[in-house]
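*Asks:* kindly generate the corresponding structure for this input.
(one chain, ligands or ions: 1)
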Amino acid sequence: MTGKRLLLLAGDGIGPEIAAELRRVVAWFVENRNLQVALEEDLVGGAAYDRHGTPLADSTLEKASGADAVLLGAVGGPKWDGVARHHRPEAGLLRLRKEMDLFANLRPAYCRPALQSSSSLKDDYIAGVDLMIVRELTGGVYFGEPRGVDRMPDGRRRGLDTQVYYDDEIERLLDVAFEIARSRRNKVTSVEKSNVMESGVLWRQVATEVGQRYPDVELDHMYSDNCAMQLVRAPTRFDVIATDNLFGDLLSDCAAMLTGSLGMLPSASLGARSEAGIRKALYEPVHGSAPDIAGKGVANPLAMILSFGMCLRYSLGLGAEAELLETAVDGLLSRGFRTADIAGPGDRAVSTSSMGDALIEELGDALERRE
Ligand code: NAD
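*Replies:* Reported below is the predicted structural model:
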């Protein structure tokens with residue numbers, strides 16, 4: 001593998017604390033697995049505002065656009081509540097996602113065996129859940145025009161949003177879903193509401209057309225309300241779920257709760273491929289900057305570290321290394337290591353850095369077992 005450039009933006013709140021553990025993990029792979037990456041760092045969010053007066057400096061955006069992947073901690077916090085909206089920390093993250101045109105959001109829901117009991121579902125339903133939601137992120141009803149609140153001639157106020165999708169927006173999203181399915185169990189469920197929505201009719205047509213290019217991947221179609229029901233009734237039936245922005249927003253939060261805590265949930269946002277064939281990509285935990293626990297050294301670093309696992313798999317093409325990392329995470333959980341957010345009654349909660357120590361140890365053990 002030729003050297004790849006990663007940009008780490010730790011951000012605010014617990015961001016720098018979990019990023020510190022991530023740095024150790026990256027260093028472990030560099031040292032022990034000959035991972036060839038250069039890890040550059042910069043500021044984003046409130047930290048960038050404090051330094052540059054903007055939550056995303058142009059120079060940072062340039063670095064992000066030139067990197068093979070961006071790893072982000074989290075942004076935001078009460079310190080910046082009084083700042084003008086366009087200078088808030090979250091505006092920096094939104095700009096980064098927009099400028100990189102990250103149109104596909106990937107959220108895995110995987111039931112880690114040691115945390116099965118923290119799921120909101122009974123063990124029988126949750127055991128074996130391993131699915132990926134691929135959500136369209138830059139189109140649909142959150143962006144469609146016309147939109148707004150206006151006053152009608154009869155005096156009533158009207159709130160209006162527009163659900164609109166073009167075939168190429170659907171096509172590129174489905175392409176990502178099929179590619180991901182090929183690295184998993186070769187099944188895509190395309191989710192829409194073509195029984196009542198015209199955009200859903202187009203979605204189903206385009207999904208079927210794209211599916212013909214991937215004859216080795218099974219495609220089925222499901223209405224979104226049925227999908228919500230199946231996620232809590234029979235979640236093991238899914239491999240990859242491909243859906244629009246609104247349905248994906250709801251279904252991914254629903255799927256997240258199948259597997260427990262926010263502190264465990266990684267995500268990826270992918271964009272178009274460059275001429276060199278590399279997709280623009282941002283990897284980040286699903287959670288925010290957790291100001292209530294920032295500075296206490298108790299944050300769970302695993303969502304951030306598992307996001308790096310997704311980066312190994314999807315940006316660096318190193319699925320076996322990602323598996324090694326995931327095995328080590330399962331190993332430390334089965335040895336009983338828990339930060340406070342995933343500790344059950346009777347568990348002793350450990351600090352962020354102890355979790356990092358345990359992971360480094362487990363990585364060594366997992367490697368020895370593999371070799
Ligand atoms: P949050 O995700 O930061 O926290 C919600 C709860 O989960 C808190 O009790 C927190 O302590 C806990 N939690 C979150 N991550 C954890 C971890 N790794 N380990 C242990 N516990 C964890 O959401 P919030 O409180 O609604 O938002 C706080 C700030 O984060 C706000 O400024 C918000 O705008 C920002 N935010 C940023 C992002 C992002 O950077 N992508 C996402 C969501 C929220």
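*Asks:* all strands for the stretch 251-371 of the chain, in order.
*Replies:* Ranges of strands in the stretch 251-371 of the chain, per DSSP state E, counting those that start in this stretch, are 266-273, 279-285.
*Asks:* burial measure for the nearest residue to Ala74 once chain neighbours are set aside, as a count.
*Replies:* Spatially, and ignoring its direct neighbours in sequence, Ala74 is nearest to Ser289 (4.1 Å; CB to CB, 6 or more residues apart in numbering). Heads up, the C-betas are built off the backbone N, CA and C, glycines and all. A total of 25 residues lie near Ser289 under the criterion other CB atoms under 10 Å.
*Asks:* contacting residues for Ser289?
*Replies:* For Ser289, the contact set (CB atoms under 8 Å, 6 or more residues apart in numbering) comprises 11-15, 45, 73-77, 89.
*Asks:* could you dump the strands of the stretch 251-371 of the chain to a markdown table with mean pLDDT?
*Replies:* Below are those laid out as a markdown table (pLDDT from 0 to 100):
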| stretch | mean pLDDT |
| --- | --- |
| strand 266-273 | 95 |
| strand 279-285 | 96 |
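*Asks:* identify whichever of those strands lies nearest to the ligand.
*Replies:* strand 279-285 (5.8 Å; CB to the nearest ligand atom).
*Asks:* now do the closest one: distance to the chain's middle.
*Replies:* Strand 279-285 sits 8 Å away from the centroid of its parent chain (CA atoms, centre = their mean, to the nearest Å).
*Asks:* need the contact partners of it.
*Replies:* Contacts for strand 279-285 (CB under 8 Å, 6+ apart): 18, 64-65, 68-74, 96-97, 100-102, 262-263, 265-274, 303-304, 306-308, 310-311, 314-315.
*Asks:* circling back to that earlier point, how much space between the residue nearest to Ala74 and the ligand?
*Replies:* Per CB to the nearest ligand atom, to the nearest Å, Ser289 is found 4 Å from the ligand.
*Asks:* gap between that residue and Ala299?
*Replies:* 10 Å (CB to CB, to the nearest Å).
*Asks:* thinking again about what came up before, can you put the strands of the stretch 251-371 of the chain in TSV and add distance to the ligand and mean neighbour count?
*Replies:* Shown next, in TSV, are those (distance: least, CB to the nearest ligand atom, whole Å; neighbours: other CB atoms under 10 Å):
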stretch	distance to the ligand	mean neighbour count
strand 266-273	9	21
strand 279-285	6	24
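*Asks:* can you put these in JSON lines and add distance to Gln163?
*Replies:* Shown next, in JSON lines, are the strands of the stretch 251-371 of the chain (distance: least, CB to CB, whole Å):
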{"stretch": "strand 266-273", "distance to Gln163": "21"}
{"stretch": "strand 279-285", "distance to Gln163": "25"}
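*Asks:* before we move on, the earlier item: can you check which residues contact both of Ser289 and Ala299?
*Replies:* Common neighbours of Ser289 and Ala299 (CB under 8 Å, 6+ apart) are Ile14.
*Asks:* tally of neighbours for Arg107?
*Replies:* There are 23 residues near Arg107, going by other CB under 10 Å.
*Asks:* now do the contacts for Ser274.
*Replies:* For Ser274, the contact set (CB under 8 Å, 6+ apart) comprises Lys280.
*Asks:* err, Met152, not the other one
*Replies:* Arg158.
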